[in-house]
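Trainee: structure for this input, please:
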Amino acid sequence: MNKLFSGVGVAIVTPFTESGAVDVDSLKRVVEHIIVSNADFITVLGTTGESVTMSLQERDLVVRTVAEQNRGRLPLLLGVGGNSTASVVNDLKTLPYISLCQGVLSVVPYYNKPSQQGIYAHYAAIAEASPLPIVLYNVPGRTGVNMCAETVARLAADFPNIIGVKEASGLMNQATSLLKIKRDDFAILSGEDGLVMPLVAMGFDGVISVAGNLCADRYVNIIRLLNEGKVSEAARIHLALHDFCIALFAEGNPAGIKAALKIAGIIDSQTLRLPLVPVSDVLYAKMEQILSELS
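Mentor: Numbering: from 1, shown residues only. Below is the predicted model:
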């Protein structure tokens, strides 16, 4: 795959200490684990990274820590989004760490519920301001509004620096429409871990994965096997991951993946920032069982 962001990308968590500070040592371990698991790129300061709960100084620390540990081995996709277009444009021009990354992931504006024309105008302003290529992020379950395939195609046609979309609507008809109308060099990435196999089989270019914090190598293998035409072998991995994917999101993201990383000994604490809280004892025990069966 020769697209800048394709294959298996990982939406990296931000580990916190039990007192709530950014846990730099645990973050470095997560970065290294992702790299040795053969992921293709890392998304930093996304939803899974709890970026909305952090100060500018903390976000700067996280990006610089990831970049330092990464040492240029994988491309970094930086989450820069919001529901105020002017604020996003200003961030793109002023964030002190943006030059450490190779692309921007920007979510559809949330809460405001803009029309399709409003979504188009929002991204048009971002495209004109961004010093880095842009990956759109459609996640209507969080934003309250769905970005239609026609809007994605219009943006891709009008702005060459809009290079892809993370599609997390879960709508298979919309996924099909995206594949039919996109330009050839435009990457379409799944935002749903549980749909990686069917979407890649249809023609998606990869995934931005939550589960990949722990098991990116399994998604790498699914995509490789599909590209080799070994569908039944890919299906075995897909089915083996099913219970894990369900458990990851049963009590919200990133609570599930932080529990899994704690169980695996990669991070020291599953602490989250309020209003998010760790998983229940029942789900934690279930996650332990699932991971023991996966290993």
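
Trainee: who's in contact with the helix or strand where Ala121 lies?
Mentor: Secondary structure assignment for Ala121, by DSSP states H and E: helix 116-129. By Cβ atoms under 8 Å, 6 or more residues apart in numbering, the surrounding residues in contact with helix 116-129 are 85, 88-89, 92-93, 104, 106, 108-109, 112, 114, 134, 136, 145, 147-148, 150-151, 154-155, 158-159, 161-162. Any C-beta I mention is one placed from the backbone N, CA and C, and that applies to glycine too.

Trainee: so which of those residues sit within strands?
Mentor: Under the assignment DSSP state E, these contribute 104, 106, 134, 136, 162 to strands.

Trainee: and the third one, bridged to which residues?
Mentor: Listed beta-bridge partners, Ile134: Val104, Ile162 (assigned using DSSP bridges).

Trainee: double-check it against Asn161; I have them as touching.
Mentor: Yes. Judged on Cβ atoms under 8 Å, Ile134 makes contact with Asn161 at a distance of 6.0 Å.

Trainee: more neighbours: these two, which one.
Mentor: Ile134 (24 against 14; other Cβ atoms under 10 Å).

Trainee: before we move on, back to that, centre of the chain versus the helix holding Ala121, how much separation?
Mentor: The chain centre lies 21 Å from the centre of helix 116-129; the measure is Cα atoms, centre = their mean, to the nearest Å.

Trainee: just the CA trace of it, in CSV.
Mentor: Backbone C-alpha positions of helix 116-129 (Å, rounded to 0.1, in the frame of the first residue of the first chain) are rendered in CSV as follows:
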residue,chain,number,x,y,z
GLN,A,116,-24.0,18.5,4.7
GLN,A,117,-23.2,22.0,3.3
GLY,A,118,-22.0,23.1,6.8
ILE,A,119,-19.8,20.0,7.0
TYR,A,120,-18.4,20.8,3.6
ALA,A,121,-17.7,24.4,4.5
HIS,A,122,-16.0,23.4,7.8
TYR,A,123,-13.6,21.0,6.1
ALA,A,124,-13.0,23.5,3.2
ALA,A,125,-11.8,26.0,5.8
ILE,A,126,-9.6,23.4,7.4
ALA,A,127,-8.1,22.2,4.1
GLU,A,128,-7.2,25.8,3.2
ALA,A,129,-5.4,26.3,6.6
